[in-house]
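1. For reference, the sequence and a predicted model appear below.
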Amino acid sequence: MSEQPAPADNILELTDLTKRFGGLVAVDNVSLNIKRGEVFALIGPNGAGKTTLFNNVTGLFQPTSGRVVFDGRDITGSKPHQVARRGIARTFQNIRLFDYMTCLDNVRVGRHVRMKATVFDSLFKLPRERREEERVTEEAMEFLRFVGIAKHADQYARNLAYGQQRRLEIARALATDPKLLLLDEPAAGFTPQEKVELMKLVKKILGRGITVFLIEHDMKVVMGISERIVVLDHGEKIAEGSPDEVRKDVRVIEAYLGKSA
Amino acid sequence: MSTSVFTRLHLRDRIRDRDTAVYSILLILALVFPMASIYATDGTALVSQATRAGTFVLLAIGLNVVVGFAGLLDLGYAAFYAIGAYSYALFASTQLASSPAHHAFHLPFWLMLFVALFVAAAAGAVLGFPTLRLRGDYLAIVTLGFGEIVPQLFYNFDQWTGGINAVGGIDQPTLPAWIQGPWSGDGPFQVVRNFNFGGDPVAFYVLICILIAAAIILVNNLYRSRLGRAWMAIREDEVAAAAMGINTVTTKLLAFGIGASFSGFAGAFYGANVSLVSPDSFLFIVSITVLVMVVLGGMGNISGVIIGALVLYYVVYYLIPGLPENVRSLANSIGLSSETTRSLADATQHLNYIIYGGILVAMMLLRPQGLLPSRVREQELKHAAVQEEEAAVEMEHAT
């Protein structure tokens, strides 16, 4: 918190973000800045308010107070679809795919927001609509290839293996052409091998110029890929810094292991 | 890579194949039916019946957009049908002469077909705007209320609509001479005899077939488009759909509006066809019948929905009303006394709805996925069955 970089370097700035549910303060006065092109991790014990914070950023919840500034624009209180259009994509902690749509269609839905066809175009299958459909199908296949599940393009999302479903969710999110990708526990339930592959995938995503903001419990993953970490406990920010700094922070150790004496 | 593209095309081909087969059969039937029935029965009563069935097909195709594609349960669909029918009836009859407007309108059918479409779509949007934030059951209840209110309005605004006396003497569509061309009339090249709608069942039959064909093409286009995928996404998971940038409110409104517009279309056609529009023709039972057609045929699958509409129309408007008569003749032919014959026929008359219900229950038990299900519906039910089985096995282990 000591050094505040110039705003233009920040893709996302949260200022005094608070979310209350009745008497419960789920997110309490959290401020944080995410720099363009970094991997930023949000960690904390169960119920610390991590997913709630994500939901406030993506417009699923309206913050009780505070501001969300994305890419220089105040998006506080925007609707989820507006946030997605601006360039924030996300995955969900408990995978939320369109189960009875094919993988290809899942990704094509992700492409929805970058398509121009109007109802009229579609009704009469105008040539420009056809061309767009063809282009989008090819692009969607490209995203499936990118996450490595292209050979399942025609399967229903629900029929994929667990790890592939997580990958599909990432492909679908990437299809919206985000500037910022929010990953909610992407490694949950993964084998060590899968975790390594996930980290490689995150690196590849960074290579496309997309900033990654992730929630993760697995410390190996967090420490392995993130440049900066914020720790939440009971909705409050208790620490921020590089993986090494956070690992040594007394309050963090207390939050995870409990106070000694 | 090449293999994946291959399997994808392969699967799509199979789906297309089934649809192509169904549509070809329907097309042939549609062409043969009027000739065959006129030849066989020496009258056009059956063609009229087929035309009425056609309006239901149109309704079912429209409701399928709302229920099958977007997953919004609409129990008041007949309201839009009524709105379409009244839009045409009021502006193409002498009805408004005796209303406070004191002027009878006689607008052409072809224009009103589209006006009715837009009026119904607008009504859909008006109903949808405040209600589409509701989910599932709540939306169903509101649409149910809407379906009850609209016929009541047409009853009660009797100054304008004639109320219970209905609107009669509705104009017949006419084709301008230049469309009729050299093949019409009594000339040497006549293929179609005087293409005059003056109550001619065959003309209406041809028109409804054209309307249905157009509806199939348009809805199919939508289904395979950006919008169609957005509908499915909302049906599957609204939160995820919104997170992907889909404006769920406008997308659902579009489903409602487009669904309603088909109903308005069908309504205007119905008004011209029967030339008499009364609030009684748009009661709850119509909404339910159309919904059952959609579910029975195979929700979400256009060809299935058409089959469902035809089958159910046959059951509701032909098989069941004709039952007492059939029972009577059967009883006569096996030589029962006239006393028993009459009581048997009466009994079937009274049991009408029970028989209807029984047929529905039997159909849903035998084919819960619908007569011609969409791939999705089939899968859903298969998975549900597997889960049930697994649960049952677990229960066994537990005990």
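-> Arrived safely. Numbers count the residues shown, from 1 in each chain, chains lettered A, B, ... in the order given.
2. Please name the residues that touch the residue positioned nearest the centre of chain A.
-> For chain A, the residue sitting closest to the mean C-alpha position, by C-alpha atoms, centre = their mean, is residue A:182 at 1.0 Å. By C-beta atoms under 8 Å, 6 or more residues apart in numbering or on different chains, the contact list for residue A:182 reads A:54, A:57, A:58, A:88, A:89, A:90, A:91, A:213, A:214. Quick note: C-beta positions are derived from backbone N, CA and C, even for glycine.
3. let's see 7 Å
-> Shown in contact with residue A:182 (C-beta atoms under 7 Å, 6 or more residues apart in numbering or on different chains): A:54, A:57, A:58, A:88, A:90, A:213.
4. what about residue B:46, how many neighbours?
-> Residues within reach of residue B:46, counting by other C-beta atoms under 10 Å in any protein chain shown, total 18.
5. got the contact list for it?
-> Taking C-beta under 7 Å, 6+ apart, one finds residue B:37 in contact with residue B:46.
6. Swap in 8 Å and give it another go.
-> Going by C-beta under 8 Å, 6+ apart, the list of residues near residue B:46 reads B:33, B:37, B:38.
7. hang on, isn't residue A:28 packed against residue A:236?
-> Yes. Using C-beta atoms under 8 Å, residue A:28 makes contact with residue A:236 at a distance of 4.7 Å.
8. And the pLDDT at residue 126?
-> Using chain A. Note on residue A:126: pLDDT of 93.
9. Hmm, no, I was thinking of chain B.
-> 87.
10. rewinding a little: please list which of the contacts of residue B:46 also come close to chain A.
-> Among the contacts of residue B:46, proximity to chain A is found for none (C-beta under 8 Å from any C-beta of the partner chain).
11. Buried subset of the contacts of residue A:182 as a PyMOL selection?
-> Buried subset of these, written as a PyMOL selection, criterion 16 or more other C-beta atoms under 10 Å in any protein chain shown:
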select buried, chain A and resi 54+57+58+88+90+213
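12. Quick one: check the helix or strand containing residue B:214 for contact with chain A.
-> Following DSSP states H and E, one finds residue B:214 within helix B:201-223. Yes. Using C-beta under 8 Å from any C-beta, helix B:201-223 reaches chain A at B:218, B:221, B:222.
13. Does anything pack onto that helix? Which helices or strands?
-> The contact analysis (3 or more C-beta pairs under 8 Å, 6 or more residues apart in numbering or on different chains; DSSP states H and E) places helix B:201-223 against helix A:119-123, helix B:2-41, helix B:45-64, helix B:248-274, helix B:302-314.
14. How far does the first one sit from its chain's centre?
-> Read it as helix A:119-123. When distances are taken as C-alpha atoms, centre = their mean, to the nearest Å, helix A:119-123 is centred 32 Å away from the chain's centroid.
15. which other helices and strands contact that helix?
-> Using 3+ C-beta pairs under 8 Å, 6+ apart: helix A:119-123 touches helix A:127-147, helix B:201-223, helix B:226-236.
16. what's in contact with the last one?
-> With contact meaning C-beta under 8 Å, 6+ apart, helix B:226-236 is reached by A:97-101, A:105, A:108-109, A:112, A:115, A:117, A:119, A:122, A:133, B:65, B:69-71, B:222, B:240-241, B:244, B:246, B:248, B:251-252, B:254-255, B:376.
17. check contacts around the residue nearest to residue B:259 when sequence neighbours are not counted.
-> Among residues not flanking residue B:259 along the chain, residue B:66 sits closest, at 3.7 Å (C-beta to C-beta, 6 or more residues apart in numbering or on different chains). For residue B:66, the contacting residues are B:72, B:74, B:77, B:255, B:256, B:259, by C-beta under 8 Å, 6+ apart.
18. Near the closest residue to residue A:100 other than its chain neighbours, how many other residues are there?
-> Leaving aside its chain neighbours, residue A:100 sits nearest to residue B:376 (4.4 Å; criterion: C-beta to C-beta, 6+ apart). By the criterion of other C-beta under 10 Å, residue B:376 has 21 neighbours.
19. How about residue A:65?
-> When neighbours are counted by other C-beta under 10 Å, residue A:65 comes out with 12.
20. That one pairs with what?
-> For residue A:65, the residues forming beta bridges with it (DSSP bridges) are residue A:18.
21. give the contact list for it.
-> A:16, A:17, A:18.
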